[in-house]
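[1] This is a predicted model, with the sequence first.
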2 protein chains.
Amino acid sequence: MIFEVVKCVKKVAIIGAGCSKFGERNDVTVAELAFEAFKPAVEDAGITPKDIEFVAVGTAGAGAWYEENLPAVIVSEYCGLSGAGLMRCEAACASGSAAFASAYWAVASGQVDVALAIGVEKMRQIDTLTMVEFIGRAGCYLWEFHNFGLTFPGYYAMHATAHMAKYGTTEEDLALVAVKNHKYASMNPIAHLRNRVTVEEALSSPVIAWPLKLYDCCPITDGAAAVILASEEAVKKFKVEDPIWVAGLGSACGTANLSKRKDYVGLESTVIAAQQAYKMASITPNIVDVACVHDCFTIAEIMAYEDLGFCKKGEGPKLIREGQTEVGGKIPVNVDGGLKAKGHPIGATGIAMLYELTKQLRGEAVERSRQVPLKNYIALAHNVGGTGHYCYVTILKR
Amino acid sequence: MIFEVVKCVKKVAIIGAGCSKFGERNDVTVAELAFEAFKPAVEDAGITPKDIEFVAVGTAGAGAWYEENLPAVIVSEYCGLSGAGLMRCEAACASGSAAFASAYWAVASGQVDVALAIGVEKMRQIDTLTMVEFIGRAGCYLWEFHNFGLTFPGYYAMHATAHMAKYGTTEEDLALVAVKNHKYASMNPIAHLRNRVTVEEALSSPVIAWPLKLYDCCPITDGAAAVILASEEAVKKFKVEDPIWVAGLGSACGTANLSKRKDYVGLESTVIAAQQAYKMASITPNIVDVACVHDCFTIAEIMAYEDLGFCKKGEGPKLIREGQTEVGGKIPVNVDGGLKAKGHPIGATGIAMLYELTKQLRGEAVERSRQVPLKNYIALAHNVGGTGHYCYVTILKR
């Protein structure tokens, strides 16, 4: 493997971002839901749909979770984008980041000057148990799902027990992640679950797959998010006042089969993708001002602290215990509520992270109590598909 | 819409290509089928799997047509690519070209030096009528499919009758496309349908959706194709003797809803994508030595002649009548058998075109009788999703 990541020749900025209300959205079709993110993104960028030359749509459940089998063109027509280049990108729960990467490369290569990355998912049209089954097919269908019936709470319970056995992580540490993320979701008007919870409530919630309880698991959510990407020339042309530059991007995949992994206490694909992104951005993890990480389950956030280098391996629980990942802490994480409480509409999640971080870097976090202090004006998004089957890490800089 | 296509800053070449046997492939899983294309591609490039930094998998029917819902990681693990960046790309029947575009941009941007674009589809596990229904969902599910029951033979029959009414195109002209493409498939060992047909046989075959008969329709096919893309630096590093350079790429989408199209005698997305690709390559259509165009139905090939500028609008039938699209003619088209007879495994098709054109430009067409004379060493691939819902045009140069 060649890991010499060179900087992309052309600079690329996020010039607009939008996000729909997350939650149960049976009031809209998938195209209408996408439009709720698209419209504010285009208005934020100060452009018109006709300026967009390439569109990447992130969505995973097409035809299974909602009715459109091949949905990108449905979204593009509804948003008035006919004529632009178009594709759908899928990387399980990292589908939004895959769409972002494709749009980023289209601009960074010089192919186009303005691109749209839009993620959308409708997951609540079908019943929850069927949904959990469908998601369970994301990793290694024929072997692990079909033979052993593993679904995602089970996968992440394996990660949690491995982490507990090796590093002494406790059920209370996991609960602390839920408490933090529900707190910030309660301040975030677009979040799905806006109730605050206590450690006691989290610990006494029903066991889903021990040691994971109800409050350790993210909800099943409908939602959409969009960002507009532009070349340096387009930033000038549209007189964008506050572009947020893409400083680094890394992408890596893990094995499909979990029995081929080295261990279960972290995700190797996160480590590889993060190294690439840091190298490309020429930064170290300690100067990141704010991060959104993939907390589909509480243990996933603790593993991400470690795999992203916010602390040493095994010291993730210490970070959450000390409140270092709160606003005002060493490295604020998921202060939008995270997947855990803002919600996890699979195709939208990676782009919703970039929406949040764009707002944070501009000092525009909707609720001032969620605005992190900015020192280096650097933010990081970490989006995982499956249990590290896919990983994308994106670094933004104002 | 900004249509100023600039040349990508970094040059990118195809350094290896592979293709599986097309046909009914119930003997293999989707991962095994992909490997049949991957292995020869890697060997052709003279690299190892560890050299591949990014993988784009083109496949459309995941979870519906075959069992893997989110299949990219299954393919990447089986090919020994764990650790690389990874995504699945989907653009209906242009999914292979979407994967190629994503991989191309990843290299052209400077993000990676070596990328794999691999397309795979298994369509014959389910019965044909269900398959035709599934494909019918590709365009505009809620309106056209659900309300009117339109499937693809019906869509292209509308194109055919419009073309016949406006330009005097005949059923015999359509049959001539089938005769040509079956002839070349009979010489191509990987093709699905290797029988030759006569005009009389084509005209007397069962009507599917008038004026389209059985021999006007491509078969439902399993197959896989792969190409390895490399930066100029990697071409030097691996001492590639005969790189095939990507000279131009265009991508455009049409409306989802056909009632919003200007007319039915051509595909506007083809016209837009072709203009972009020609401009980027700084060429005109008349210097293309050989082309693979999207002949899912015979009328589609005739429309492509016109929309790609190989002749004036309405003169497509004249090209096929005069034999100008045969080997030795003005512009040889689909001399691998095309979708019509080589077969159309949706996610693989766009990459299978690039496999064929790479071989043609190198003068390596497996059967010498299919080798076109090379004058300008320029080839063109044209891949459509839906009925012009998506279009990708790629220009290669030796």
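    Nice, thanks for sending it over.
[2] Give me the below-cutoff pLDDT ranges for chain A.
    A:1-8, A:366 (pLDDT under 70).
[3] Can you show me the strands along it?
    Secondary structure of chain A by DSSP state E: the strands cover A:12-19, A:54-58, A:85-90, A:114-121, A:207-209, A:212-213, A:223-231, A:244-253, A:290-292, A:378-385, A:390-397.
[4] List the pairing partners of the third one within its sheet, with orientation.
    If I follow you right, that is strand A:85-90. Taking DSSP bridges as the criterion, strand A:85-90 forms sheet pairs with strand A:54-58 (parallel), strand B:85-90 (antiparallel).
[5] How far away from the center of its chain is the longest one?
    For strand B:85-90, the distance between its averaged C-alpha position and the chain's averaged C-alpha position is 18 Å (C-alpha atoms, centre = their mean, to the nearest Å).
[6] need the contact list for the closest residue to chain B within the stretch 51-200 of chain A.
    At 3.1 Å from chain B, A:G85 is the closest residue in the stretch 51-200 of chain A, using C-beta to the nearest C-beta. Every C-beta, even on glycine, is put in place using the N, C-alpha and C of the backbone. For A:G85, the contact set (C-beta atoms under 8 Å, 6 or more residues apart in numbering or on different chains) comprises A:53-55, A:106, A:112, B:101, B:250-253, B:273.
[7] again with A:T29
    Per C-beta under 8 Å, 6+ apart, neighbours of A:T29: B:L142.
[8] how about it, phi and psi?
    phi -80, psi 170 (degrees, to the nearest 10).
[9] A:V207 - nearest residue in space that isn't next to it in sequence?
    Distances taken as C-beta to C-beta, 6 or more residues apart in numbering or on different chains place A:K213 nearest to A:V207, at 5.3 Å, with adjacent residues excluded.
[10] and A:S282, backbone torsions?
    phi 50, psi 50.
[11] so A:A117 bridges to which residues?
    A:A56, A:V227.
[12] got the contacts of A:G85 as CSV, with neighbour count and distance to B:V42 columns?
    What follows is these, written out as CSV (neighbours: other C-beta atoms under 10 Å in any protein chain shown; distance: C-beta to C-beta, whole Å):
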residue, neighbour count, distance to B:V42
A:E53, 26, 33
A:F54, 27, 29
A:V55, 30, 32
A:A106, 33, 26
A:V112, 27, 30
B:A101, 32, 21
B:G250, 28, 28
B:S251, 30, 27
B:A252, 28, 32
B:C253, 30, 32
B:A273, 32, 29
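[13] From those, pick the one nearest A:I351.
    A:V55 (12.5 Å; C-beta to C-beta).
[14] The closest one against A:G83, yeah?
    No: using C-beta atoms under 8 Å, A:V55 is not in contact with A:G83; the gap is 10.2 Å.
[15] Tell me the one of the contacts of A:G85 nearest A:F297?
    Closest to A:F297, out of all of the contacts of A:G85 and judged by C-beta to C-beta, is A:V55, at 31.7 Å.
[16] Who are the contact partners of the closest one?
    A:72, A:75-76, A:81, A:84-87, A:103, A:115-116, A:118, B:253.
[17] So which bits of the stretch 251-398 of chain A are right by chain B?
    Within the stretch 251-398 of chain A, the residues that sit near chain B (C-beta under 8 Å from any C-beta of the partner chain) are A:251-257, A:260, A:268-269, A:272-273, A:385-386, A:389-390, A:392.
[18] ok and the residue in the stretch 151-300 of chain A nearest chain B?
    Closest point on the stretch 151-300 of chain A to chain B, by C-beta to the nearest C-beta, is A:S251, at 3.1 Å.
[19] Isn't that residue up against A:Q275?
    No: using C-beta under 8 Å, A:S251 makes no contact with A:Q275, being 11.5 Å away.
[20] now the helices: where do they sit in the stretch 151-300 of chain A?
    A:152-167, A:171-186, A:199-203, A:232-237, A:268-281, A:298-307 (DSSP state H, counting those that start in this stretch).
[21] angle of the second one against helix A:152-167?
    With axes from the mean of the first three to the mean of the last three C-alpha atoms, to 10 degrees as the basis, helix A:171-186 and helix A:152-167 are set at 130 degrees to each other.
[22] what bridges to A:C391?
    A:A252, A:V384.
[23] Run a quick neighbour tally on it.
    A count of neighbours around A:C391, defined by other C-beta atoms under 10 Å in any protein chain shown, yields 31.
[24] Contact partners for it?
    So, once contact is read as C-beta under 8 Å, 6+ apart, A:C391 ends up touching A:94, A:250-254, A:267, A:269-270, A:272-273, A:382-385.
[25] Go again with 10 Å.
    By C-beta atoms under 10 Å, 6 or more residues apart in numbering or on different chains, the residues touching A:C391 are A:91, A:94, A:97, A:250-254, A:267-274, A:294, A:304, A:307, A:382-385, B:85-86.
[26] Also A:K10?
    A:107-111, A:113, A:231-233, B:6, B:8-10, B:108-110.
[27] List phi and psi for it.
    phi -100, psi 140.
[28] burial of the closest residue to it other than its chain neighbours, as a residue count?
    Of all residues not flanking A:K10 in the chain, A:A108 sits nearest, at 5.1 Å (C-beta to C-beta, 6+ apart). By the other C-beta under 10 Å criterion, the neighbourhood of A:A108 contains 29 residues.
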